[in-house]
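In: Dropping the sequence and predicted coords here.
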Amino acid sequence: MQRNSVKVSMAVVRRLPKYHRYLGELIEKDILRISSKELGKIMGLTASQIRQDLNCFGGFGQQGYGYNVVELYKEIGHILGLDKEYKCVIIGAGNLGQAITNYEGFRREGFKLMAMFDINPRLIGNTIRDIKISDISELEEYVVDNDIVIGIICVPKENSQEIADTLVKANVRAIWNFSPSDVKVPEDVVIENVAINESLYTLTYLINEDNLDI
Ligand SMILES: NC(=O)c1ccc[n+]([C@@H]2O[C@H](COP(=O)([O-])OP(=O)(O)OC[C@H]3O[C@@H](n4cnc5c(N)ncnc54)[C@H](O)[C@@H]3O)[C@@H](O)[C@H]2O)c1
């Protein structure tokens, strides 16, 4: 499939995981062909939005036939880079770090969690699902020696920039930051700041929307 040379907007990129998830669900239901109209209906998008999005990558549909679900699922997975393996480390082996480690889905999707790091002597040396928790002082060397691609930050916000700096120094390509602070990284390192509570606040806004006296 030929990708168009136009730069794809982040809005489209952020919709791709959603396409991937819905198409995966269609495959599970043995639905192997779908029109942009039907896909739009289940995804809450218009048919023209779907066509526009997918045209950024060269278009996948055929007039009068619609989309081949399996082909589209594979192509979007490829565009998202989900057909590769990514070596990751988690920094901060507390509640969140352990929850991510315990989540089976990441392993299935090609995210290979290699190690965890912490400063707490009571955690260092323990293992979670066979993943060892090491002393934070070993982070930089470990990342360099093991070609780690993604660093996952699960430490308090006060320490997140320092951890990000160490990860950058050790040449990670990407940081998935769960601490509630926007850490700074050079342009060649990609960063995603995740804030579950921002999504929750959207929910509370929607609950209260009718009562707002704006
Ligand atoms: N993004 C989200 O939606 C979301 C949700 C929950 C928590 N969080 C954030 O994730 C972070 C972790 O939350 P938690 O509930 O797991 O906290 P936690 O206190 O259970 O775990 C934090 C861990 O980080 C370790 N740590 C502290 N400083 C460190 C350092 N310099 N190097 C290595 N390890 C260090 C601590 O020893 C501890 O084990 C916090 O910043 C929290 O605000 C974000």
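Out: Perfect, I can see it now.
In: Tell me which residues are up against the helix ranked longest in the chain.
Out: Under DSSP state H, the helix in the chain containing the largest number of residues is helix 10-28. With contact meaning Cβ atoms under 8 Å, 6 or more residues apart in numbering, helix 10-28 is reached by 32, 34, 39, 42-43, 45, 53, 56, 69-70, 72-73, 76-77, 79-80, 82. For every residue, glycine as well, the C-beta is placed using N, CA and C.
In: What about the ligand: which of those residues touch it?
Out: Among these, no residue is within reach of the ligand (Cβ under 6 Å from any ligand atom).
In: Just say helix, strand or coil for Glu187.
Out: Under DSSP: H, G, I helix; E, B strand; the rest coil, Glu187 falls in the coil class.
In: same question, Phe106
Out: Strictly by three-state DSSP, Phe106 counts as helix.
In: show me the contacts for whichever residue of the chain sits closest to the ligand.
Out: Using Cβ to the nearest ligand atom, Gly94 is the residue of the chain that sits closest to the ligand, at 1.8 Å. Counting by Cβ under 8 Å, 6+ apart, Gly94 touches Asp118, Leu123, Cys154, Val155.
In: Would you mind checking the residues you listed for buried ones?
Out: Asp118, Leu123, Cys154, Val155 (16 or more other Cβ atoms under 10 Å).
In: re the thing from before, in strands, which of the contacts of helix 10-28 fall?
Out: Among the contacts of helix 10-28, the ones falling in strands (DSSP state E) are Ile34.
In: CA-only coordinates of the helix or strand bottoming out on mean pLDDT in the chain in CSV, if you can.
Out: Lowest on mean pLDDT, DSSP states H and E among the helices and strands of the chain sits helix 104-108, with a mean of 81. This file holds the C-alpha atoms of helix 104-108, laid out as CSV (Å, rounded to 0.1, in the frame of the first residue of the first chain):
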residue,chain,number,x,y,z
GLU,A,104,-0.8,-9.3,29.7
GLY,A,105,-2.0,-7.2,26.7
PHE,A,106,1.3,-5.4,26.3
ARG,A,107,3.3,-8.6,25.9
ARG,A,108,0.8,-9.9,23.3
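In: Could you give me the buried positions within that helix?
Out: Applying 16+ other Cβ under 10 Å to helix 104-108 flags Phe106 as buried.
In: Tell me which strands the strand ranked longest in the chain pairs with, and in which orientation.
Out: Ranked by residue count and defined by DSSP E, the top strand of the chain is strand 111-118. Paired neighbours of strand 111-118 in the sheet (DSSP bridges): strand 86-91 (parallel), strand 131-135 (parallel).
In: Now the element after that strand, going C-ward?
Out: As assigned by DSSP states H and E, the chain's next helix or strand after strand 111-118 is strand 127-128.
In: name the helices or strands packed onto that next one?
Out: helix 95-102 (3 or more Cβ pairs under 8 Å, 6 or more residues apart in numbering; DSSP states H and E).
In: Give me the contacts around the helix it packs on.
Out: Helix 95-102 is contacted from outside by 90-91, 93, 106, 113, 116, 118, 128-129, 131, 152, 154, 178, using Cβ under 8 Å, 6+ apart.
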